[in-house]
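**Q** structure of the sequence below:
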Amino acid sequence: MIEPAKRSRGIGCGLVVAVLATWAALWLFLHPDLWPDRLLNVPAAPRTVTPRGDLAADEQATIRLFRNARGSVVSISTSQLVEDVWSQNVYAVPRGTGSGLIWDDAGHVLTNFHVIEGASEATIRLADGRKFRASLVGASPEHDIAVLKIGVAFRRPPPIPIGTSRDLQVGQKVFAIGNPFGLDWTLTSGIVSALNRSLRAEGGHGTVEHLIQTDAAINPGNSGGPLLDSSGRLIGMNTAIYSPSGASAGIGFAVPVDTIMDVVPQIIAAN
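**A** Numbers count the residues shown, from 1 in each chain. Below is the predicted model of the structure:
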């Protein structure tokens, strides 16, 4: 009497399981969008590229500005000669890096004095990869300006067109090109944040006057690179940042081009 009851319950449970399985299979059959791709063995459909359209006018202008000025900006690496006290051998050790710009067709290169201060040697690398050993023509530490010279016999990079800093206005766009943290030929942009700033020169060389303040990102390695206006003209040379952390905090300074135009010809003429 017990066995038939057990079989009846077993058959009933089996029927319930079969009905549920059939219902689940039918539901999945009617909803194939819920099936995992690995079960369907269907590869993911490729995405279609959406046409961008024309670049905005200001983007095109910035691209042209960078392309026109890039070849005139250089990377500067310095080294210092040291003597081994045991072997008395003299060898060069890396000291630092910075930026510079081609000043004229005679091979003069403009940079900050603090970029080459204390260095025994300086090597200049052009945008096309060529490297030249530079000689120091002269410097004005109180203006944080130094003039180097390289011998470029052919394919000489053109100097950047000269602008003026006397008519700069707070709010106008500016562009900086340099080698921050060794990342060569980097472009950043911003505005003129303030004018006629003063800053203590590195190494106790007095105070640099009439600096341009900008929020264009300027970091270690940008020193000596050009600050350009929206026409691609040289309006200053990036020289320092104000930053508690040592990186860009939105306050950078540049020696105005009018100061450069007064000082650099005198340095070249005196040597």
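
**Q** isn't Ala127 right next to Arg67, touching?
**A** No. Counting by C-beta atoms under 8 Å, Ala127 sits too far from Arg67 to count as a contact (10.6 Å). C-beta: built from backbone N, CA, C; applies to glycine.

**Q** more neighbours, the two?
**A** More crowded of Ala127 and Arg67, by other C-beta atoms under 10 Å: Ala127, with 16 against 10.

**Q** look up the closest residue to the more buried one, ignoring the ones flanking it.
**A** Gly71 (4.8 Å; C-beta to C-beta, 6 or more residues apart in numbering).

**Q** that neighbour: neighbour count?
**A** 17.

**Q** tell me how far it lies from His114.
**A** Using C-beta to C-beta, to the nearest Å, Gly71 is found at 25 Å from His114.

**Q** before we move on, what about Arg70?
**A** For Arg70, the distance to His114 - C-beta to C-beta - is 24 Å.

**Q** looking at these two, which one has more neighbours?
**A** His114 (21 against 14).

**Q** what mean pLDDT does the one helix or strand the more buried one maps to get?
**A** According to DSSP states H and E, His114 maps onto helix 113-116. Averaged across helix 113-116, the pLDDT comes to 93.

**Q** same for that helix, what does it pack against?
**A** strand 73-83, strand 90-102, strand 131-140, strand 145-149 (3 or more C-beta pairs under 8 Å, 6 or more residues apart in numbering; DSSP states H and E).

**Q** so which of those strands comes closest to Ala216?
**A** Nearest to Ala216, of all the helices and strands packed on helix 113-116, is strand 90-102, at 13.5 Å by C-beta to C-beta.

**Q** now name the helix or strand holding Ile212.
**A** Here Ile212 sits within strand 207-214, counting by DSSP H and E.

**Q** distance from the helix or strand that comes right after that strand to the middle of the chain?
**A** Counting by DSSP H and E, the next helix or strand C-terminal to strand 207-214 is strand 226-229. Here strand 226-229 is found 14 Å from its chain centre; the criterion is C-alpha atoms, centre = their mean, to the nearest Å.

**Q** following strand 226-229, which helix or strand shows up next?
**A** Downstream of strand 226-229, the first helix or strand assigned by DSSP H and E is strand 234-241.

**Q** okay, now the unreliable bits of the protein?
**A** 1-17, 19, 24-42, 81-95, 201-205, 242-249 (pLDDT under 70).

**Q** nearest residue to the middle of it?
**A** Thr186 (3.2 Å; C-alpha atoms, centre = their mean).

**Q** and the gap between Arg156 and Gly53?
**A** 39 Å.

**Q** my bad, Gly163
**A** Gly163 sits 33 Å away from Gly53, going by C-beta to C-beta.

**Q** and these two? Which one has more around it.
**A** More neighbours surround Gly163 than the other of Gly163 and Gly53, with 19 against 6 (other C-beta under 10 Å).

**Q** my read is that the more buried one contacts Asp258, right?
**A** No. Assessed by C-beta under 8 Å, Gly163 is found out of contact with Asp258, at 9.4 Å.

**Q** wait, isn't His114 in contact with Asp144?
**A** Yes. When contacts are counted by C-beta under 8 Å, His114 is listed as touching Asp144 (6.0 Å).

**Q** show me what the longest strand along the chain is packed against.
**A** The residue-count maximum for a strand in the chain (DSSP state E) belongs to strand 186-200. On a contact count with 3+ C-beta pairs under 8 Å, 6+ apart, strand 186-200 meets helix 57-70, strand 173-178, strand 207-214.
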